[in-house]
Every structure is written in structure tokens, then in C-alpha cells.
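Trainee: For reference, the sequence and a predicted model appear below.
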Amino acid sequence: MKKNNKLKPNTLLLLFAILTLPMTQSSLGQDAGITLNWKDADIRIVVEAVSEATGKNFILDPRVTGKVNLLSAEPMSKDAFYEAFLSILQVHGYIAVESGNLIKILPDATARQFPSAFGTAGANGPDDLATQVIQVKNVGATQLVPILRPLIPQNGHMVAHAGSNMLIISDRAANLARMVTIIKRIDMASDDDIEVIALQNASASEIVRIMTALTQTQRGDGAPVTTSLVADARTNSVLIGGDKSERLRLRSLIAHLDTPLEDGGDTQVRYLRYADAEELSTKLQTHFTSQAAGAAGQAAGPNSVDKVSVWADTQTNAIVINAPPKMMRSLMQIVDKLDIRRAQVLVEAIIVEIIENDQKELGVSVGVEGESSNTPVAVTNFPNFLNGIVQAAGASAGGDPSGIIGEGITLGVGRISDTGVSFAAILRALEGQADTNIISTPSIVTTDNEEATLNVGQEVPFVTGSFTNAGGTAGAVNPFQTINRQQIGVKLAITPQINDGDSLLLKISQEISNIASSAAAVDLITNQRIIETTVIVDDGEILVLGGLLEDVLRESNQRIPVLGSIPLIGALFRSKKTEVLKTNLMIFVRAEIMRDTNETAFQTNAKYNMIRNAQQNNRSNTVQLMPSATRPMIPPLPASQTQPQSAESPDNGSQ
């Protein structure tokens, strides 16, 4: 077909859509690429478009007709565009044959009649038509034609020249190279009745089993079977004995079967990068054993159960798999999906607690002891320590009055004497304030779907019992106490689950406990706050888990009836106590996903430098009692960790 300078309107539209929009020129003058979008386009119009894009001249056979569909997601260069065009021709049963500056587009059936590349080396690509002349040295070329002809496609051509014992093959370059390899394996010297064929990829015993089942079949002409095969496991070789023509046929079949599999042999060793070999091997063995057992229950045969074996080598973190090729591919696909780098999660809990406790107490206690009785009489006894005063008074001047001194201000007046009436009056005034301001930010890093716990605190002893054991020599008394230690501090247990997108599902158990500043009980008082919840938080956002806002007012007024209501003097017969307690407690959580090494290094560097800067500030602001070189300090981060690293794929690249 002669190239026409005037194109049809539909051709112009197609050329405009293909050439002007997707193709742009870069600053260096190179093609940025061609993006194709052909749907039911006429093949002749497509040829015209390719001619405009590549500058090549085409001649079309009248039999070249049809519609073409081609979509490209990414721009292609001119060479890639032309290779895609050749693939379109092959799919539709046509071929492009170069003849000087012209390219002939012909049906595959007639392409072998035209000049083509000589040998696979002369072909420009695997889909080009090529012709190869192969000299056969040890077997007859005519004998190879019926054996190898099924391996040639319908449009290919194979013929033997008996005079020169040569084979002439015309086919696509890729299949032609395969045929040359098979012929070289078959064309081996064999002067003896027994041939030894060394295998490179297949198993000798498996090949013998297949070939024996094939050769032992009763022949159609009734002739006896004279071929025998034996496997040598030590050298992985097959020994063939029998008629020369039969040995030649078996040799060609063995050469065709002795090819490498796509994924290796029946046994493979897979080194894991992230997964645990022992745990993964157990799961794989259980999965495929149950799968094979289910297939056996459906009359698939029980042999498949015994063909799968998966075990782990913990020292190298590898799994060793023995399985048929089909199941091996399935196993490897599962391993590719599971052996991935899982993302990590940094969780920071922010605990803010503010407690204000104000107490005020004012009271008067009066007691009298008569001359004829040592029993004290309490007029008022609000603070509950008047008995100690009277007992100290009854013990005369030698008594110890230290038991009557309490907290706050204590003023006393009275008369303590061995004779006569003893009396005492105590005025007690107390005002107390306790402020607590706690801000703690425990943080923890864990892997996706792995539970992590953090426990920071102290073990505080609490007295649980007191006993006295009378015994021993001279009636000695052995007092002892039982103590129970309780952990006080911050406990954080969290299990993160990264959802689709940038949200996380957090299972959190948060416990905060400390010793109260007020010790009005018999023993220590501990404050305890526990939160157990499941929340969803976005990456890098702060979410409130819960809190407590409490305002408590306690007032206590005690007085003597009638006397306590007298103005001024009534204050001697009254006691007043006021307590105000305000508690503000809030717990927040912040979670951040660390998907690669760069994000992990960023968070690590920030925390590391914060601690190191605190040490440096402490060194500069503290009076040095020893040389600075002897003060412990963490070293600076290595340069390799401070530099950003290339992003690491979440899988091993096999997906």
C-alpha cells in the first residue's frame, strides 16, 4: 500500500488523539511517551497511525482486516509503541516482514514464503519471524521431524533435507530458540545399545516412572515392547535400552521433560525476613493437611496429604517445604503475603491530675478530775485526746504530756495536782492544705496486633496483721507483723490494630495509682484510677479516654446543747471542722503509625535527643563536685541513624 499524504477524517481524529495529546517533547528533545486508547479501531487506520508515529512505511496485504482494542495505562516510547503494534498483529494472526525500507504486513500462513531473519540472533525481538538451518550429526534429520513437529505451531514450518541431514525450521524467534535447545539435547552420539542420559532438572526416578508407563503400553501393531529404562539415583541419570528408533523417541521426550520449573523443584528452602519460621511452618502444615484431607474425602485420593511437608529451621529463620509444583506455588504465594514488614505503633498516654485538699478544724476540750476519784470527767471532748491529759495529770508532775500534742496549734490551761481538784482545758486549731499536680506521659512502641505492657512504679509495704507470740526462754514475748507489698505507679497495656487508612483500633488498659497526701487512716491511703476500653483514634491525633471532675465539701459542727449557743462564751463548748476536696483527672491517648524505618528513626531521634539535652542542661546548671568527664552521659546518635533512609516496602517484593 502506498503511503498517502491525505488522510481520511476518521484517521485524522485517531492520529490527533494518539499523537498530539499523549506525546509531548521534553526539554532535551526526547519523547515523553505515547498513551494509547484504541477501542474497535480498524486495523488499517491503526497501521496508518503507527506509520505517522514511527516514520516507517508499510505495505498491507488485502487480507489484513479486523478491529483492534488496546489500552495503555502509562506512556510508551516509540520503540515500545512499535513492539506493542507487532504484538497486536500476532494476536490477530498477522506478521510484519521487513523488506528494505518497507514493512509488509501479511497473514501468518503466508509469512514463511517471504524473506525473514536468519537465526535467532538476526531477529529484533522474540515475536519476529526467523529461519534456522540446523545440522544434525548423530541422528537422522527425517526421524526428528515427526517427533518435533507437534512442538511447532500451525503457522510454523519444519522440513528435513535427507541428503545433508539438516533441519530447516521457520518460526517465531522465541520458539525457534527452544527448538534448537531440544535438538541439541537429542543429537547425541549413541553407538551402544544402552544410552545414559544425565538429567539436570528432573528426577531420574520420576522420569523413569513416567516413561515406563508410556513404553509398557501395548502397541497397536502387536509388536513386543523391547524398550527398558532404569534410573541411577546416584548420578541422577536414566539408562535406556532397546531399539535405536525407540531410544531416539524416548530421548527427545526426556529432553523435553528435563526443563526447569518456574518455581524450582519439589523441595525449596525459603528464608523469612519478618515472620517467625516455627510459627509459620506449623500454620502452613496444618492448613494444607486439612485441605488435602478434605480433597481426599471427595475422592481426590489420600496421597496428596503425604506429599506436603513443611518444617522450620529456627537458627536461620527459614522454612523447608516439600510439595508438588502446583501446591508449592500456592504455598509460596501464601508466604509472600504473610512474610511482610508490619507497621509499628507509638502510643503515648497523657495523664493530668490536679487535687486540692483544704481542711480547717477548731475545738475546745475541758476535763476535770475530783480529789477523791481518779476517774476523769470530760466536760467536752471533741478532739478525742482529753483522756491523755487527765491521765498525765493523775500521774502528778512526773507524767508525760507529749501524747496530748497534736497537729496544728494546741493551747492549754489548767491545774494538775496530787491533792485537790485537777482540771485542764485544751484549745486546738488546725488548718491544712494539700495540692497535687501530676502530669505523666508514659509511651510505648509495639507492632501491629501485638500486645505491649508498661509498668513503672514502686512496691509499697502495707501492714496486714500484728501478732504476739509468747514463748521462748524466761517467758519472752516475740511480737511480729505481716506485710503485703502492693505495686503503686503507672501501668499501661495496649493492643493496636491498624485499620484501612490512617485509623487505629486500640484496646487499652490504663491504671494509675499513688499514695494520698493525707494520712488520716490507720495506714497509708492509695489513690487508684483504672480505665479499660476499646477506642478508635486517627493517626497522630489525641483522644480523651476518660476522667474525673469531683468537688467535695464536708462540714462537721459539734456543740454542747444550750452552752454552745451562748455568744462568745459558747465558743468554749463548740468544735467545727471543714474539708474541701477538688479532684480534676483526665487521661488522653495519642497514637502514631510508624510504617517504615524513616518514621521509626524520626521518633527515636526525638526521644533520644530530648534525654541527651536534659543531661547536658543538668551538667551545666549543677555545681560540679567532680570532673565533667566522669559524669555519665549517653553518646550522640551515629550519623547513619540521623540520615534519612530509603523507604522500605511493606512486603518482600513478591506481591
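Mentor: Done, it's in. Since the structure is predicted, the reported quantities are computational estimates derived from the model, not experimental observations.
Trainee: When you work out contacts or count neighbours from here on, use the C-alpha atoms and nothing else.
Mentor: OK.
Trainee: Note down every partner strand of the host helix or strand of Thr446 and its orientation.
Mentor: Using DSSP states H and E, Thr446 sits in strand 443-447. In the sheet, strand 443-447 lines up against strand 344-369 (antiparallel) (DSSP bridges).
Trainee: pLDDT of the partner strand, averaged?
Mentor: Strand 344-369 shows a mean pLDDT of 82.
Trainee: do the same with stretch 441-452
Mentor: Stretch 441-452 comes out at a mean pLDDT of 89.
Trainee: same thing with stretch 319-332?
Mentor: 82.
Trainee: Who are the contact partners of Gly540?
Mentor: 590-593 (C-alpha atoms under 8 Å, 6 or more residues apart in numbering).
Trainee: Show me the contact partners of the strand holding Thr446.
Mentor: 342-349, 452-454, 496.
Trainee: Could you give me the buried positions within it?
Mentor: 444-447 (16 or more other C-alpha atoms under 10 Å).
Trainee: Helix or strand next in line after it, which one?
Mentor: Assigned by DSSP H and E, the successor of strand 443-447 is strand 452-470.
Trainee: which secondary structure elements does that following strand contact?
Mentor: strand 443-447, strand 477-498 (3 or more C-alpha pairs under 8 Å, 6 or more residues apart in numbering; DSSP states H and E).
Trainee: Nearest to Ala130, out of those?
Mentor: Closest to Ala130 of these, according to C-alpha to C-alpha: strand 477-498, at 55.5 Å.
Trainee: How far does that closest one sit from its chain's centre?
Mentor: 33 Å (C-alpha atoms, centre = their mean, to the nearest Å).
Trainee: Can you tell me which helices and strands the helix or strand just after that strand packs against?
Mentor: Following strand 477-498 in sequence order, the next helix or strand is strand 503-515 (DSSP H and E). If you count contacts as 3+ C-alpha pairs under 8 Å, 6+ apart, strand 503-515 packs onto strand 477-498, strand 526-538.
Trainee: I'd assumed Ala173 was in contact with Asp128.
Mentor: Yes - look at Asp128 against Ala173 with C-alpha atoms under 8 Å: they come within range, at 5.8 Å.
Trainee: Neighbour count for these two, which is higher?
Mentor: Ala173 (25 against 22; other C-alpha atoms under 10 Å).
Trainee: Would you agree that one is in contact with Leu129?
Mentor: Yes - the pair Ala173 / Leu129 is scored as a contact, 6.0 Å apart, by C-alpha under 8 Å.
Trainee: List the contacts of stretch 208-215.
Mentor: Taking C-alpha under 8 Å, 6+ apart as the rule, stretch 208-215 contacts 225, 227-231, 238, 250.
Trainee: in the longest helix along the chain, what counts as buried?
Mentor: When the chain is parsed with DSSP state H, its longest helix is helix 597-621. Residues 597-602, 612 are the ones in helix 597-621 that count as buried (16+ other C-alpha under 10 Å).
Trainee: could you give the angle of that helix to strand 344-369?
Mentor: 40 degrees (axes from the mean of the first three to the mean of the last three C-alpha atoms, to 10 degrees).
Trainee: Can you report how many residues lie near Ile103?
Mentor: The burial count for Ile103: 16, using other C-alpha under 10 Å.
Trainee: Make 16 the first number, not 1, from now on.
Mentor: That works, and once the first residue is 16, the last one we named lands at Ile118.
Trainee: how near is it to Phe73?
Mentor: In this view, Ile118 and Phe73 are 5 Å apart by C-alpha to C-alpha, to the nearest Å.
Trainee: What of Pro494?
Mentor: Counting by C-alpha to C-alpha - Pro494 and Phe73 are separated by 113 Å.
Trainee: With Leu121 instead?
Mentor: Here the criterion is C-alpha to C-alpha. By it, Leu121 lies 11 Å from Phe73.
Trainee: Got the confidence number for the closest residue to Val478 other than its chain neighbours?
Mentor: Leaving aside its chain neighbours, Val478 sits nearest to Ile498 (4.5 Å; criterion: C-alpha to C-alpha, 6 or more residues apart in numbering). For Ile498, the pLDDT comes out at 81.
Trainee: And for Gly403?
Mentor: Reported pLDDT for Gly403: 51.
Trainee: What of the one 4 residues further on?
Mentor: You'll see Ala407 listed with a pLDDT of 49.
Trainee: And Met173, by the same measure?
Mentor: Predicted confidence (pLDDT) for Met173: 84.
Trainee: ditto for His302
Mentor: His302 carries a pLDDT value of 83.
Trainee: Tell me which residues are up against stretch 189-198.
Mentor: Residues contacting stretch 189-198 (C-alpha under 8 Å, 6+ apart): 135, 141-142, 145, 147, 149, 166-167, 184-185, 267, 270-271.
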